[in-house]
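the sequence isn't on hand, but the structure is:
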(Lines give C-alpha, C1' and ligand atoms only; values in the text may rest on other atoms or scores of the structure.)
Protein backbone atom coordinates (compact mmCIF):
# COMPACT_ATOMS: atom_id res chain seq x y z
CA UNK A 1 0.00 0.00 0.00
CA UNK A 2 1.12 3.52 -0.72
CA UNK A 3 1.23 6.46 1.73
CA UNK A 4 -1.91 8.64 1.56
CA UNK A 5 0.25 11.76 1.11
CA UNK A 6 3.12 10.32 -0.96
CA UNK A 7 1.99 7.91 -3.69
CA UNK A 8 5.60 7.02 -4.53
CA UNK A 9 6.33 5.75 -0.99
CA UNK A 10 5.27 2.53 0.67
CA UNK A 11 3.10 2.69 3.80
CA UNK A 12 4.82 1.75 7.07
CA UNK A 13 2.00 2.52 9.49
CA UNK A 14 -1.74 3.09 9.75
CA UNK A 15 -3.46 6.00 11.60
CA UNK A 16 -5.22 4.75 14.74
CA UNK A 17 -8.10 7.20 14.20
CA UNK A 18 -8.93 7.32 10.49
CA UNK A 19 -7.02 4.24 9.23
CA UNK A 20 -5.02 6.18 6.59
CA UNK A 21 -1.85 4.53 5.30
CA UNK A 22 1.26 6.54 6.29
CA UNK A 23 4.98 6.55 5.45
CA UNK A 24 7.67 7.18 8.06
CA UNK A 25 7.69 10.91 7.27
CA UNK A 26 3.91 11.34 7.64
CA UNK A 27 3.25 9.27 10.74
CA UNK A 28 3.28 10.73 14.24
CA UNK A 29 3.83 8.38 17.13
CA UNK A 30 2.15 9.18 20.46
CA UNK A 31 2.34 6.72 23.36
CA UNK A 32 3.43 3.94 20.99
CA UNK A 33 0.45 4.53 18.59
CA UNK A 34 0.61 5.95 15.03
CA UNK A 35 -1.52 8.87 13.82
CA UNK A 36 -1.77 11.07 10.75
CA UNK A 37 -1.02 14.80 11.11
CA UNK A 38 -4.71 15.81 11.38
CA UNK A 39 -5.63 13.14 13.96
CA UNK A 40 -2.53 13.19 16.15
CA UNK A 41 -3.37 14.20 19.73
CA UNK A 42 -1.47 17.17 21.06
CA UNK A 43 1.75 16.22 22.80
CA UNK A 44 1.30 15.47 26.44
CA UNK A 45 2.03 18.55 28.50
CA UNK A 46 3.98 17.74 31.61
CA UNK A 47 2.18 18.75 34.75
CA UNK A 48 3.28 22.08 36.16
CA UNK A 49 5.94 21.79 38.82
CA UNK A 50 4.66 21.59 42.36
CA UNK A 51 4.77 24.92 44.11
CA UNK A 52 7.83 25.38 46.24
CA UNK A 53 7.25 24.61 49.88
CA UNK A 54 7.06 27.74 51.98
CA UNK A 55 10.13 28.35 54.08
CA UNK A 56 9.83 26.80 57.51
CA UNK A 57 8.58 29.09 60.21
CA UNK A 58 11.29 30.09 62.65
CA UNK A 59 8.93 28.86 65.36
CA UNK A 60 9.01 25.35 63.92
CA UNK A 61 12.77 25.04 63.48
CA UNK A 62 14.63 22.69 65.78
CA UNK A 63 17.01 24.37 68.15
CA UNK A 64 20.69 23.73 68.50
CA UNK A 65 21.05 20.25 69.86
CA UNK A 66 18.30 18.84 67.64
CA UNK A 67 15.38 19.00 70.07
CA UNK A 68 12.02 20.41 69.06
CA UNK A 69 11.11 23.76 70.51
CA UNK A 70 7.51 24.74 71.15
CA UNK A 71 6.22 28.19 70.30
CA UNK A 72 6.34 29.52 73.86
CA UNK A 73 9.86 28.29 74.61
CA UNK A 74 11.72 31.00 72.63
CA UNK A 75 9.81 33.62 74.61
CA UNK A 76 10.76 31.98 77.90
CA UNK A 77 14.40 31.63 76.78
CA UNK A 78 14.48 35.32 75.83
CA UNK A 79 12.90 36.40 79.13
CA UNK A 80 15.58 34.48 81.04
CA UNK A 81 18.08 37.16 79.96
CA UNK A 82 16.06 40.09 81.30
CA UNK A 83 17.50 40.49 84.78
CA UNK A 84 15.43 43.56 85.69
CA UNK A 85 13.59 42.97 88.98
CA UNK A 86 14.92 39.40 89.11
CA UNK A 87 12.66 38.31 86.23
CA UNK A 88 15.52 36.49 84.51
CA UNK A 89 16.48 34.54 87.61
CA UNK A 90 12.89 33.47 88.22
CA UNK A 91 12.41 32.41 84.58
CA UNK A 92 15.72 30.49 84.55
CA UNK A 93 14.79 28.64 87.74
CA UNK A 94 11.31 27.87 86.36
CA UNK A 95 12.92 26.47 83.19
CA UNK A 96 15.29 24.25 85.19
CA UNK A 97 12.56 23.02 87.57
CA UNK A 98 9.81 22.18 85.07
CA UNK A 99 9.39 20.00 81.98
CA UNK A 100 11.08 22.71 79.91
CA UNK A 101 14.40 21.36 81.19
CA UNK A 102 13.94 18.41 78.81
CA UNK A 103 14.92 20.71 75.96
CA UNK A 104 18.67 21.26 75.60
CA UNK A 105 17.84 24.64 74.03
CA UNK A 106 15.99 25.73 77.18
CA UNK A 107 18.64 24.34 79.55
CA UNK A 108 21.40 26.14 77.64
CA UNK A 109 19.68 29.54 77.77
CA UNK A 110 18.73 29.14 81.45
CA UNK A 111 22.33 28.34 82.42
CA UNK A 112 23.72 30.99 80.06
CA UNK A 113 21.50 33.59 81.71
CA UNK A 114 22.45 32.55 85.25
CA UNK A 115 26.19 32.41 84.48
CA UNK A 116 25.99 35.83 82.83
CA UNK A 117 24.28 37.28 85.89
CA UNK A 118 26.89 35.71 88.16
CA UNK A 119 29.71 37.18 86.02
CA UNK A 120 28.07 40.62 86.06
CA UNK A 121 27.77 40.55 89.87
CA UNK A 122 31.38 39.40 90.33
CA UNK A 123 32.77 42.02 87.92
CA UNK A 124 30.60 44.76 89.49
CA UNK A 125 31.86 43.94 92.97
CA UNK A 126 35.45 43.81 91.67
CA UNK A 127 35.11 47.18 89.96
CA UNK A 128 33.64 48.67 93.13
CA UNK A 129 36.52 47.39 95.24
CA UNK A 130 39.18 48.58 92.78
CA UNK A 131 37.53 52.00 92.44
CA UNK A 132 37.31 52.33 96.24
CA UNK A 133 40.96 51.38 96.77
CA UNK A 134 42.26 53.65 94.00
CA UNK A 135 39.90 56.41 95.14
CA UNK A 136 41.62 56.46 98.55
CA UNK A 137 44.97 57.40 96.99
CA UNK A 138 45.58 61.18 97.09
CA UNK A 139 45.50 63.02 93.73
CA UNK A 140 44.85 59.79 91.76
CA UNK A 141 41.73 59.28 93.86
CA UNK A 142 40.02 62.28 92.26
CA UNK A 143 40.63 60.88 88.77
CA UNK A 144 39.56 57.42 89.94
CA UNK A 145 36.35 58.89 91.35
CA UNK A 146 35.54 60.56 88.03
CA UNK A 147 36.37 57.32 86.20
CA UNK A 148 34.22 55.39 88.69
CA UNK A 149 31.25 57.71 88.13
CA UNK A 150 31.51 57.37 84.35
CA UNK A 151 31.95 53.61 84.63
CA UNK A 152 28.99 53.30 87.00
CA UNK A 153 26.80 54.89 84.32
CA UNK A 154 28.16 52.97 81.32
CA UNK A 155 28.49 49.52 82.91
CA UNK A 156 24.73 48.96 83.50
CA UNK A 157 23.92 50.37 80.06
CA UNK A 158 26.38 47.95 78.45
CA UNK A 159 24.93 45.03 80.41
CA UNK A 160 21.37 46.01 79.42
CA UNK A 161 22.37 46.13 75.74
CA UNK A 162 24.09 42.75 76.06
CA UNK A 163 21.00 41.25 77.73
CA UNK A 164 18.73 42.58 74.95
CA UNK A 165 21.03 41.14 72.26
CA UNK A 166 21.09 37.77 74.07
CA UNK A 167 17.30 37.80 74.45
CA UNK A 168 16.83 38.45 70.72
CA UNK A 169 19.34 35.70 69.86
CA UNK A 170 17.56 33.27 72.21
CA UNK A 171 14.18 34.13 70.67
CA UNK A 172 15.63 33.42 67.20
CA UNK A 173 17.12 30.10 68.38
CA UNK A 174 20.69 31.33 68.13
CA UNK A 175 23.57 31.51 70.56
CA UNK A 176 25.91 34.43 71.14
CA UNK A 177 29.40 33.29 72.04
CA UNK A 178 30.57 34.91 75.28
CA UNK A 179 34.04 34.04 76.55
CA UNK A 180 33.96 31.34 79.26
CA UNK A 181 30.22 31.77 79.99
CA UNK A 182 28.95 30.12 76.79
CA UNK A 183 31.23 27.10 77.19
CA UNK A 184 30.16 26.69 80.83
CA UNK A 185 26.48 26.92 79.84
CA UNK A 186 26.90 24.35 77.05
CA UNK A 187 28.76 21.97 79.35
CA UNK A 188 26.15 22.30 82.09
CA UNK A 189 23.24 21.92 79.62
CA UNK A 190 24.83 18.76 78.22
CA UNK A 191 25.57 17.33 81.68
CA UNK A 192 21.97 17.80 82.82
CA UNK A 193 20.43 15.01 80.73
CA UNK A 194 16.78 14.45 81.52
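Everything's here; your move. Everything quoted here is computed from the prediction, not taken from an experiment. Numbering: from 1, shown residues only.

how about the strands in the chain?
Applying DSSP state E to the chain gives strands spanning 13-14, 21-22, 28-30, 33-35.

out of those strands, which is closest to residue 109?
Closest approach to residue 109 among those is made by strand 28-30 (62.4 Å; Cβ to Cβ). Bear in mind the C-beta positions are built from the backbone N, C-alpha and C, glycine included.

which of the residues in the closest one are buried?
By neighbour count with 16 or more other Cβ atoms under 10 Å, strand 28-30 contains the buried residues residue 28.

partners of that strand, with directions?
Take DSSP bridges as the rule and strand 28-30 pairs in its sheet with strand 33-35 (antiparallel).

thinking again about what came up before, pick the most deeply packed of the strands of the chain.
Stretch with highest mean neighbour count among the strands of the chain: strand 21-22 (a mean of 21; mean count of other Cβ atoms under 10 Å).

ok, it: who's next to it in the sheet?
With DSSP bridges as the test, strand 21-22 pairs up with strand 13-14 (antiparallel).

chain center to the strand it pairs with: distance?
Centroid separation for strand 13-14 versus its chain: 61 Å, with Cα atoms, centre = their mean, to the nearest Å.

what residues does it touch?
20-24, 27, 34 (Cβ atoms under 8 Å, 6 or more residues apart in numbering).

please identify which pair of the residues you listed lies farthest apart.
Once Cβ to Cβ is applied, the contacts of strand 13-14 give 20 and 24 as the farthest pair, at 14.1 Å.

show me which of those two is the more surrounded one.
For residue 20 versus residue 24, the count of surrounding residues by other Cβ atoms under 10 Å is larger for residue 20: 20 against 11.

measure the more buried one to residue 30 for me?
Residue 20 sits 15 Å away from residue 30, going by Cβ to Cβ, to the nearest Å.

and residue 185, by the same measure?
66 Å.
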